[in-house]
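Participant: the following block contains a protein sequence and its predicted model.
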Amino acid sequence: MKLGYHLGYWQSGPPEGALEAILAAEDLGFDSVWTAEGYGSDALTPLAWWGASTSRVKLGTNIVQMSARTPTAVGMSALTLDHLSGGRFVLGLGVSGPQVVEGWYGQPYPKPLARTRQYVDIVRKVVARSEPVTSDGPFYPLPLDGGTGLGKPLKSTVHPLREEIPIYLAAEGPKNVSLAAEICDGWLPLFFSPKSDAFYRAALEEGFARAGARRTAEDFEVAASVPVIVHEDVETAASFIKPSLALYIGGMGAKEVNFHHDVYARLGYGDVADKVQELYLSGRKQEAAAAIPTSLVEDTALIGPPGKIRDELARWEGTVVTTLLLRGNADTLRQVAPVLS
């Protein structure tokens with residue numbers, strides 16, 4: 001299983017030591033480095049800025065939010081970063097959730113699956129540059145219906161370094177995971193557990209079996225974000241992760257629509273997820289974190305002494321996951337890499 005480094009999105013400002021950690025990941029033999037965006041920092045600028053100091057690792061977005069840019073704009077960015085990186089760019093896309101899509105970007109959220117299908121198709125047309133880009137819609141009609149009536153099909157002035165750039169899709173629900181297997185080159189799960197492997201394996205197989213699917217299970221990438229905390233005390237290790245889980249389970253999304261909450265409910269933690277959400281949305285964030293059992297953390301993370309992590313790693317190696325995406329600073333990566341190798 002390959003290792004990647006996930007820088008994530010910024011908090012109140014640029015993460016301290018980001019470049020040092022990225023260079024450490026490359027020196028340690030990591031396969032890839034990834035950036036993200038929420039509603040603050042964007043994913044593309046840090047990837048280009050810090051990625052310019054690397055020479056080998058793949059440079060990916062995990063994720064670019066589709067509502068933030070038109071598909072042709074993302075195609076332009078993909079073409080540009082692929083040239084600048086010498087063919088190392090991986091485009092990770094995701095729909096985000098209705099709070100961000102409609103509240104931050106002012107775009108409609110309904111029909112995310114159909115919207116994703118058309119979006120990816122247009123991006124691929126931009127990158128391939130085989131003909132002027134057109135799309136019948138309904139979400140991204142090209143040329144635009146109405147307006148001045150002067151729009152015409154265009155193709156990029158820039159010739160691609162690669163006529164196909166890998167596209168991975170972030171997904172948590174089974175229908176979206178199946179779509180990733182059908183139209184993309186990889187899947188980016190956020191909260192994966194070996195216990196859910198059969199569930200997601202079936203969703204992926206459904207996508208691979210569809211007519212025109214791009215990949216098979218043998219050449220499809222699954223890059224999962226997995227917290228890894230090496231510490232002699234398991235409870236202490238879990239305490240570093242619980243506040244973040246409380247945020248995602250409890251507050252990252254509306255009460256009616258929170259895909260992260262649903263992931264843990266499917267894992268058998270429905271009552272816990274409901275309680276965490278109730279506490280978090282009422283402003284009791286510390287209590288929300290305290291309500292998360294360590295067993296829940298262990299299901300989607302690797303924590304504890306090195307021997308325990310090595311033993312549990314075997315469960316992950318038997319899953320659909322092909323790459324573990326780690327987080328932390330340079331010292332964390334240097335500490336964790338030998339344990340996972």
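Facilitator: Received, thanks.
Participant: could you use CA atoms for every contact and neighbour count after this?
Facilitator: Will do.
Participant: what about stretch 183-198, start to end distance?
Facilitator: 21 Å (Cα to Cα, to the nearest Å).
Participant: and for L190, nearest residue in space, chain neighbours not counted?
Facilitator: Spatial nearest neighbour of L190, excluding adjacent residues (Cα to Cα, 6 or more residues apart in numbering): S225 at 5.3 Å.
Participant: count of residues packed around the one you found?
Facilitator: 24 (other Cα atoms under 10 Å).
Participant: contacts only, for Q107.
Facilitator: S67, V101 (Cα atoms under 8 Å, 6 or more residues apart in numbering).
Participant: repeat that with 6 Å
Facilitator: Residues in contact with Q107 (Cα atoms under 6 Å, 6 or more residues apart in numbering) are V101.
Participant: cool, and D271?
Facilitator: Per Cα under 6 Å, 6+ apart, neighbours of D271: none.
Participant: what does it show for phi and psi?
Facilitator: phi -70, psi -40 (degrees, to the nearest 10).
Participant: now swap in G146 and tell me
Facilitator: According to degrees, to the nearest 10, G146 has phi 80, psi -140.
Participant: and for F89?
Facilitator: The phi/psi pair for F89 (degrees, to the nearest 10) is phi -80, psi 140.
Participant: quick one, helices of the stretch 201-341 of the chain?
Facilitator: In the stretch 201-341 of the chain, the segments counted as helices under DSSP state H, counting those that start in this stretch are 234-246, 259-264, 270-281, 285-290, 294-299, 306-317, 330-340.
Participant: turn these into JSON lines, columns for mean pLDDT.
Facilitator: Supplementary listing: the helices of the stretch 201-341 of the chain in JSON lines, determined by pLDDT from 0 to 100:
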{"stretch": "helix 234-246", "mean pLDDT": "96"}
{"stretch": "helix 259-264", "mean pLDDT": "89"}
{"stretch": "helix 270-281", "mean pLDDT": "95"}
{"stretch": "helix 285-290", "mean pLDDT": "96"}
{"stretch": "helix 294-299", "mean pLDDT": "96"}
{"stretch": "helix 306-317", "mean pLDDT": "93"}
{"stretch": "helix 330-340", "mean pLDDT": "92"}
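Participant: which of those is buried the deepest?
Facilitator: Neighbour counts (mean count of other Cα atoms under 10 Å) averaged over each of the helices of the stretch 201-341 of the chain peak at helix 259-264, with a mean of 21.
Participant: outline the domain layout of this structure.
Facilitator: Domain assignment for the chain by automatic domain parsing gives 2-229+301-340, 232-300.
Participant: the first one: how far from the chain's middle?
Facilitator: So that's domain 2-229+301-340. Distance of domain 2-229+301-340 from the chain centroid (Cα atoms, centre = their mean, to the nearest Å) equals 5 Å.
Participant: end-to-end on it?
Facilitator: First-to-last distance for domain 2-229+301-340 - Cα to Cα - comes to 10 Å.
Participant: what's downstream of the helix or strand hosting G92, the next helix or strand?
Facilitator: Element membership for G92, per DSSP states H and E: strand 89-94. Using DSSP H and E, the helix or strand that follows strand 89-94 in sequence is helix 98-103.
Participant: give the buried residues for that next one.
Facilitator: P98, Q99, V100, V101 (16 or more other Cα atoms under 10 Å).
Participant: could you dump these to TSV with pLDDT and distance to L23?
Facilitator: Shown next, in TSV, are the buried residues of helix 98-103 (pLDDT from 0 to 100; distance: Cα to Cα, whole Å):
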residue	pLDDT	distance to L23
P98	90	36
Q99	88	35
V100	93	32
V101	95	33
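Participant: what's the closest of those to D331?
Facilitator: Relative to D331, the closest of these is V100; by Cα to Cα it sits at 33.2 Å.
Participant: where do the strands of the stretch 51-200 of the chain begin and end?
Facilitator: 58-61, 64-65, 89-94, 167-170, 186-188 (DSSP state E, counting those that start in this stretch).
Participant: please name whichever of these is nearest to A209.
Facilitator: Going by Cα to Cα, the one of the strands of the stretch 51-200 of the chain nearest A209 is strand 186-188, 15.3 Å.
Participant: so what secondary structure elements neighbour that closest one?
Facilitator: Here strand 186-188 touches strand 167-170, strand 221-225, going by 3 or more Cα pairs under 6 Å, 6 or more residues apart in numbering; DSSP states H and E.
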